[in-house]
Structures are given as structure tokens and as C-alpha cells.
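Visitor: Next come a sequence and a model predicted from it.
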Amino acid sequence: MKQLLALLFISVASIALSQNTVGLTQYESDNIDGYVLFSPIVSNNTYLIDKCGEKVHEWTTSDNRPALSCFLLEDGSLLRTGQMSNPNFDEGGSGGLIERFDWDGTLNWSYILSDENQCMHHDILPLPNGNILCIVWDRYTKLEAFLQGKDTTGSSSFLWSEKIVELEPVGTDDAVVVWEWKLWDHLVQDFDMSKPNYGVVSASAELVDLNYFPGMAGGPDWIHLNSIDYNPNLDQIILSSHTFSELWIIDHSTTTAEAATNTGGDSGHGGDLLYRWGNPQSYQRGTPLTKTYFGQHHATWIPEGFPNEGKIVVFNNGLSRPGTFSSIDIIDPPLNETNTYDLPIDAAYMPLDVEWRYTATDPSDFYSSNISGVYPLSNGSFMITNGTSGLFFEVDAAKEIQWSYINPVHIGGTFSQGDSPTSNLVFRCTYYPTDYPGFSDHVLTPMGEIELSPTIPSICTLLSNDEETAINTISIYPNPVVSVLTINGINLTDFTYEITGATGRSIMSGQNKMEIDVSDLPNGTYFITIVSNTQQVKTLAFLK
């Protein structure tokens, strides 16, 4: 009987899964418990959901759409970016505004990092010391670029380089830049020997080739950094360059003055690149066949104590990759005892290839041309955001999907369950474990699904082992019934039932029977009362 109950239970959950088009679409028992934070790109709201797909908190923020990342801080505050109108930086990912809201939604700090020559974009990162690392476009004129050795033939009037600034928040609307790194200080070019930075590109892997423009030679957005991460053990920063299809690592232990040179800091290399990987063509040590990343996002270290700690995981979008598919790639960088990275003579940085890769069984089933991200989890799984479809899913080390959720918020409002989702993009979701300090002073009460007309009972309710919950999810079908009445949704080890007529007279009873033959009953109204072995009771009416 227990096996029968389990089989029925699994089949009911599977039916519910197959019907869900938004919200929770898969829930396996081995998924890791916790909460997921996300800001739909087309919404001003930020949501925190549990793994059952129910909202446990929501922030309704400013009039500014996200630009693009958001974080829950350890004091329960929401740190988010916002889009500011800036005609000098009118490109995807443009931001300029950083805001911090307390748990109750009160704005307690904001800062604008956007003007004629600079604009925060894409990603920020809260640091352990309370400061904030920001990716910032750094604008130069065509003449300034020419004077540095750029071939400006066919170029636009401006060139956007990149810089990283570390902000220390001050008061309610100010900040101090306590550290800065500028890519413009670490250039090489082999175009004009009369200009600065002239050198052999292949012998200068620690520098960025000013004239490497893969497919974007005329546009201002040269580098297009799209993610930033920090390793507190190494005091290093990892960056993802979309256009270069590379990740870069720089030293954060430098002073700002040292970051403008090639000496100083724990590495001894100042602000030069310590490591780069993904496309060795960018420093003339590779070919198209050695390119591994294709417009990737979210390069991040796997934290200490996690499986694969110290390695780097990336959402490899696969933009223009042969076959056109996305993947989750792990590499093991060649870190040496001095916390720098070995570079072979006349070859590209190691490794030769990724160490682990996740793709869909049919690779083309998993693809996001832009945005997206991946977070490593403490059990060796990964929380993945397929940004263009608003899909979040958890995949384990064996490459099995344990959980999935589709953002139901779109440009026109909120989808109903059963709708086909479109325009529900999310830059990336962020996972937080149940013991995250930001939750310690707050009660996280499920408030129902975000989507309209949610599935009842929910997938999580169907999968519950709680008998009180189980008895409340019981249903019967078909109704009206012709011959066999089926009890549906039970997750109990033992139960009894009794069928009575409209007058209350007992007609039949039994125990642990999922299908009841009522073909001999005359047409009329009946009631079935189901009692669990813990005396939980539910009564349902049916017609014959």
C-alpha cells in the first residue's frame, strides 16, 4: 500500500509540474534549501522567494529599472543598481545609480555614478568591509585614443574604456572613492611605434591590446565588462569582458597609485593583468580554434569550503559559438605559491580546456545569447540563471536538474499560471542559504506565488510529508463519477474512508483504497470522509 501511495503521489506531482509554465516548474528532494533573490529587468520590484516558489519578501524600489545586479546584505538591506538617463552612455547595461533599502523598503542610501565621462554599468559587488566595487565606463575622445596608439579609422567620436572603483558609502547620498583601477593605464599597441604603449602584443599578456576590436571596431563600447567578483583570500578581483570573451584577474591589494603602474601590491605587478583566459587571440597567442568563451557572463570564484574551491566558474553564453548553445564551465587557474599565475613561454595561459562543463542533453535546449549567471552552492551544485528566458535552475555535480523556476513578471505585469512567458528577462538571480545573516532578524513567511492563478495544490504541497498538509490537499475525481471514484493527492501511510448519502446514512467504508467502485450507487449526491491515522479529517462531496 505504501508503494501505491508513493506512486500516486509522484504521478500527481508530475502532472502539476507538466502544467506549470511559470513559477516553480521542478522540485526534486535533493535540491538545496534556501532563498532566491531577483530583480526582473522590466520591473522596479525585487523579489525574494523560497524554493517552493513562494514570495517571502518584496521590495518596491525607485522609479529606476535595475541596471542590473542586486544583493541582499548581511544586515537585511537590499543593495541594487538603477538605470539613469545618460545620453553619453546609451547602451545596454547602462546604470549610474546605486541604492540601499532596508528590509522594510526605506531608502537609506543612494549614490549617482554617472556624468559626461563615466557611468557605472552592469554589475557591482558588496565587499566584506562594507564598501562597494563598481564597474564603470571610462570615456575618452577619438583624439585621446589616437594619441595612445589606436587605429581610429572608422571609429566613433568616443571610446569607452573601463575602470573599477571602490566606494565607501557616506551619509545618505554620498561616497568616497577609496580605490581605483583604470584599464587605460595598462595598454599595449603594435600599430604606431611613435605613440606610447608601443610593443609586442604577444609578449605583453599582462596588458590589453588597444587595437583588438573583435567585431566592434566602430563602436565606443570596446571592452563591455559585465561582471565582477572578489576573492578575499587572494585580495584579487575577477572581471568578465563580453567583447574580448575573456576573464581577467587584477590585484586589489595595491594602492590607487600602484594600480596605475606595473609594480606594487602583493603580486608585485601593480595594476597589470595577473591572469586572463578564454580567448588567447586577444594577446596574439591563439587562434579561433583556441577560443573557449563566447560572450560569457558572471566569472566567479568557487568559495573556500565548497567542492572545487578556488576554481573559477563562468556562464559561457555561447554567442556565435559553433552549434549556438550555452554552458557552465569550470577552469582551474594556474595559481602558484606567490598567488600569481604562471604563463608559459610562447603559449597561452593554462589550462588548455575547461575541467567541467554542463550543457543540456540536447545542447541547443540551453541557450541565452546575453545576460545570465551562475552561483556555486555549498553541496557542489550550481544555481543558474538563463537570463533571456527568466529561468532559474539548480543543477548538481552529476548534471541533473534538481529545481527550476520561471520568472512570472514581464513588461506588462504578471503572468497567470499556464501563460507562455515572454519578455521576462532577469540579469541573474542570487541564492542565499537559510542561515544567511541577513535573515536572522526577520521571519520569512511564505506569502503565496507571484504568478496569478497559481496551481492548487502547489508542487511543494504535493511533495510535503506533513500529514496535516497532505490531508488538506486530497481531491477526488472524476466528479461527477460514473463507476470508479479515485482519491487523489494522498501522502499518508494509513487512512480510512466512509461514503454517506445526502441524509448522512453510511453506505460503504474501507481502508487504504485509492480507487472505489461506486457503480452500484444510484444517481444522487454523496459525501466521502477520509480520516488519516493521525485523525486528520477531510470530507468531500461528489455526484453520481
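Guide: That came through, no problem.

Visitor: Which parts of the stretch 401-544 of the chain are strands?
Guide: Along the stretch 401-544 of the chain, the stretches classed as strands by DSSP state E, counting those that start in this stretch are 401-406, 409-410, 413-414, 430-432, 475-477, 484-488, 495-501, 506-511, 515-517, 525-532, 537-543.

Visitor: how big is the angle separating the last one from strand 495-501?
Guide: Meaning strand 537-543. Angle of strand 537-543 versus strand 495-501, following axes from the mean of the first three to the mean of the last three CA atoms, to 10 degrees, is 40 degrees.

Visitor: mind listing what's buried in strand 537-543?
Guide: With burial defined by 16 or more other CB atoms under 10 Å, the residues of strand 537-543 counted as buried are 538, 542. In this view, the C-beta of every residue, glycine as well, is placed from N, C-alpha and C.

Visitor: partner strands of it, parallel or antiparallel?
Guide: strand 525-532 (antiparallel) (DSSP bridges).

Visitor: Likewise for the fifth one?
Guide: Strands adjacent to strand 475-477 in the sheet, as given by DSSP bridges, are strand 484-488 (antiparallel).

Visitor: Could I get the contacting residues of residue 329?
Guide: By CB atoms under 8 Å, 6 or more residues apart in numbering, residue 329 lies in contact with 292-293, 296, 313-314, 316, 354, 356-357.

Visitor: Could you find the closest non-adjacent residue to it?
Guide: Excluding its sequence neighbours, the residue lying closest to residue 329 (CB to CB, 6 or more residues apart in numbering) is residue 354, at 4.3 Å.

Visitor: Any chance of the strands of the stretch 401-544 of the chain in JSON lines with distance to residue 277 as columns?
Guide: Shown next, in JSON lines, are the strands of the stretch 401-544 of the chain (distance: least, CB to CB, whole Å):
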{"stretch": "strand 401-406", "distance to residue 277": "27"}
{"stretch": "strand 409-410", "distance to residue 277": "35"}
{"stretch": "strand 413-414", "distance to residue 277": "41"}
{"stretch": "strand 430-432", "distance to residue 277": "24"}
{"stretch": "strand 475-477", "distance to residue 277": "54"}
{"stretch": "strand 484-488", "distance to residue 277": "53"}
{"stretch": "strand 495-501", "distance to residue 277": "59"}
{"stretch": "strand 506-511", "distance to residue 277": "64"}
{"stretch": "strand 515-517", "distance to residue 277": "60"}
{"stretch": "strand 525-532", "distance to residue 277": "58"}
{"stretch": "strand 537-543", "distance to residue 277": "59"}
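
Visitor: what residues are up against residue 486?
Guide: 476-478, 514-516.

Visitor: which regions of the protein sit below the pLDDT cut-off?
Guide: Scanning the chain with the threshold set as pLDDT under 70 gives 1-18, 215-217, 462-473, 489-493.

Visitor: Let me see the ranges of the helices in the stretch 151-300 of the chain.
Guide: Remark: helices assigned in the stretch 151-300 of the chain by DSSP state H, counting those that start in this stretch are 256-259.

Visitor: how does this protein divide up, domain by domain?
Guide: Using automatic domain parsing, the domains assigned to the chain come out as 21-114+403-454, 462-543.

Visitor: What about residue 231, how many residues nearby?
Guide: Using other CB atoms under 10 Å, residue 231 has 18 neighbouring residues.

Visitor: surely it meets residue 238?
Guide: Yes: contact criterion CB atoms under 8 Å: residue 231 and residue 238 qualify, at 7.2 Å.

Visitor: shared neighbours, these two?
Guide: residue 301.

Visitor: Can you list the buried residues in stretch 426-440?
Guide: Buried-residue list, stretch 426-440, by 16+ other CB under 10 Å: 426-432, 438-439.

Visitor: give the contact list for residue 354.
Guide: Contacts for residue 354 (CB under 8 Å, 6+ apart) come out as 292, 329-331.

Visitor: brain fart, residue 59
Guide: Under the criterion of CB under 8 Å, 6+ apart, the neighbours of residue 59 are 45-46, 78, 80, 101, 105.
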